[in-house]
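Undergrad: One predicted model, sequence on top.
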Amino acid sequence: MKKYTTVILVGIIVVLAAVLVGVLTFMKNQPPQERAFQPLAEIKAMEPDSELWGRNFPNQYTTFQKTATNNIDTTYAGSSQFSWLEKDPRQVILFAGYPFSKDYNDDRGHANALDDVRATKRLNLDDTNPKHTPATCYSCKSSNNPGLWDEMGMEAYDKMTFNEMTPNIKESIGCSNCHEAGTMRLIVTNPALEEALEAQGKDWTTFTRQEMRTVVCANCHVEYYFKGDGKYLTFPWAKGTEIHQIIEYYEESGFKDWEYPDAKTPMLKAQHPEFEFFTADSTHYKAGVSCADCHMPYVSEGASKYSTHDVHSPLLNPEQACGQCHTDSEYVVGRVNSIQKQVADTKVATEDAIVDAINAIKLAAANPNADATLLDQARNLHRKAQFMWDFVSAENSTGFHNPEYALNILAESTNLARQAQMLAAQSVNDMSLLTTGTYYQPTPAP
């Protein structure tokens with residue numbers, strides 16, 4: 001009897017030990033919970049000075065400051081502010097007649113957003129010129145914005161010129177762009193995002209914290225345009241966030257960013273649709289992964305565990321960024337590089353097709369005997385093809401956020417561009433316009 005009692009006790013101890021190990025392991029892998037704390041500094045609502053927030057959250061603020069000096073490039077992008085026009089000269093042709101043909105640099109870290117927007121050659125600061133730069137261009141560049149939007153409303157904000165708004169903008173991107181003071185919860189601060197979600201019947205206040213770790217990035221990392229004479233910041237999501245739904249929205253609105261010189265195509269410029277791209281049923285999104293899980297992974301420092309705010313490519317710290325789910329980070333990096341190479345190579349082939357379409361349309365448009373109907377059809381296909389290419393090109397992952405989606409979009413873009421080239425040739429009954437690979441210097445932007 002004593003023998004059995006000993007065995008039972010040993011069994012109970014083993015079970016309890018296993019349960020304890022399981023509980024401790026589970027707790028270790030949980031994100032830090034929001035808890036009450038005694039702040040060292042009281043933070044007012046929408047406080048733009050991130051240094052004040054940093055007194056209560058030094059780890060987060062210290063890591064955020066690193067975004068000012070990170071300038072490491074990955075194979076296909078990075079944060080050194082290199083010129084896309086130099087890296088890929090085709091883009092000088094693709095954006096001819098638009099400021100992006102003058103200056104198109106890769107983005108640096110969040111802390112540099114304000115300096116970079118003020119330094120770009122794309123600005124037109126002549127307030128007497130109808131094409132002056134609107135204040136709307138500051139929308140994703142400063143932690144002053146939430147307070148300004150709350151005080152004056154986005155409509156009044158956007159109607160001002162860039163120069164007029166400049167004295168009000170003193171801080172780069174910071175804590176108030178994503179967090180609610182006091183509670184530190186993640187919130188929607190951009191009125192354009194709130195309006196876009198409402199147009200889809202969505203209420204962000206009902207989203208889970210994990211969902212908000214992606215949605216909060218949509219305050220900035222989205223496709224947008226400036227609507228009407230007031231340059232009102234608008235996300236084209238009324239029909240949905242999928243690429244064809246966005247194109248349908250633009251087609252119905254008749255919006256254009258510029259007219260391509262000589263070809264006379266009404267063009268669209270994609271911005272940086274990371275949110276739309278990632279949430280289009282990507283593998284990681286469907287698995288419940290958020291943007292922050294990869295770009296702001298949890299790190300430990302002593303007894304403290306927090307989400308690093310040194311936002312950058314996961315390829316620069318794969319053990320932390322990918323290692324929470326993938327045990328072999330070396331394999332993951334190799335897999336990412338393979339996917340990005342396929343997308344990058346396909347993207348260049350698509351650019352060649354669009355440039356050929358541009359050549360054909362320009363030559364056909366110069367012919368007074370061109371069939372106007374066929375030529376307009378060619379222009380419409382050029383418009384769609386280039387926007388689809390740009391939707392992938394301007395998205396900051398070289399396709400990795402959603403590889404299948406990227407390749408499908410580029411394949412369709414190439415097809416539309418070749419159709420546009422064919423229609424242009426047919427419009428003047430000149431099959432020599434189907435010649436490929438003929439480049440020329442575009443008309444200089446005004």
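TA: Cool, got the structure. Numbers count the residues shown, from 1 in each chain.

Undergrad: all strands for the stretch 151-300 of the chain, in order.
TA: Assigned by DSSP state E, counting those that start in this stretch, the stretch 151-300 of the chain shows strands spanning 225-227, 232-234, 258-259, 266-267, 298-301.

Undergrad: Which neighbours in the sheet does the fourth one have, and how are they oriented?
TA: According to DSSP bridges, strand 266-267 has the following sheet partners: strand 258-259 (antiparallel).

Undergrad: re earlier: quick one, which of the strands of the stretch 151-300 of the chain is packed in tightest?
TA: strand 232-234 (a mean of 22; mean count of other CB atoms under 10 Å). Just so you know, the C-beta spots here come from the backbone N, C-alpha and C atoms, and that holds for glycine as well.

Undergrad: Count the neighbours of residue 401 for me.
TA: 24 (other CB atoms under 10 Å).

Undergrad: ok, residue 286 - contacts?
TA: Listed by CB atoms under 8 Å, 6 or more residues apart in numbering, residue 286 has no contact partners.

Undergrad: ditto for residue 430
TA: 363, 364, 367.

Undergrad: now what about stretch 314-326, what contacts it?
TA: 29, 72, 74, 289, 293-295, 297-299, 308, 329-330, 332-333, 336.

Undergrad: same deal with stretch 396-406?
TA: 76-77, 107, 221, 272, 274, 277-278, 280-285, 336, 339-340, 342-344, 347, 392, 395, 407.

Undergrad: That stretch: how far from the chain's middle?
TA: 12 Å (CA atoms, centre = their mean, to the nearest Å).

Undergrad: which parts of that stretch are buried?
TA: Of all the residues in stretch 396-406, those buried under the rule 16 or more other CB atoms under 10 Å are 396, 397, 398, 399, 400, 401, 402, 403, 405, 406.

Undergrad: can you tell me the helix or strand for the fourth one?
TA: No secondary structure element spans residue 399, as it lies outside all helices and strands (assigned by DSSP states H and E).

Undergrad: if we can go back for a sec, got the buried residues of stretch 396-406 as CSV, with distance to residue 266 columns?
TA: Below are those laid out as CSV (distance: CB to CB, whole Å):
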residue, distance to residue 266
396, 26
397, 28
398, 28
399, 27
400, 31
401, 29
402, 28
403, 31
405, 25
406, 25
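
Undergrad: send the alpha carbons of stretch 373-385 over as PDB?
TA: The C-alpha trace of stretch 373-385 is given here as PDB (Å, rounded to 0.1, in the frame of the first residue of the first chain):
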ATOM      1  CA  THR A 373     -12.000  55.800 -80.000                       C
ATOM      2  CA  LEU A 374      -9.200  53.200 -80.100                       C
ATOM      3  CA  LEU A 375      -6.700  55.800 -78.900                       C
ATOM      4  CA  ASP A 376      -8.900  56.600 -75.900                       C
ATOM      5  CA  GLN A 377      -9.200  52.900 -75.100                       C
ATOM      6  CA  ALA A 378      -5.400  52.600 -75.200                       C
ATOM      7  CA  ARG A 379      -5.100  55.500 -72.800                       C
ATOM      8  CA  ASN A 380      -7.500  54.000 -70.400                       C
ATOM      9  CA  LEU A 381      -5.600  50.700 -70.400                       C
ATOM     10  CA  HIS A 382      -2.300  52.700 -69.900                       C
ATOM     11  CA  ARG A 383      -3.900  54.500 -66.900                       C
ATOM     12  CA  LYS A 384      -5.000  51.200 -65.300                       C
ATOM     13  CA  ALA A 385      -1.800  49.300 -66.100                       C
END
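
Undergrad: Need the contact partners of it.
TA: 247, 256, 260, 263-268, 350, 353-354, 357-358, 360-361, 364-365, 413-414, 416-417, 419-421, 423-424, 426-427.

Undergrad: Quick check on the residues you listed: which are buried?
TA: Buried, going by 16+ other CB under 10 Å: 247, 260, 263, 265-268, 350, 353-354, 357-358, 360-361, 364-365, 413-414, 416-417, 419-421, 423-424, 426-427, out of the contacts of stretch 373-385.

Undergrad: what sits against residue 131?
TA: Shown in contact with residue 131 (CB under 8 Å, 6+ apart): residue 124.
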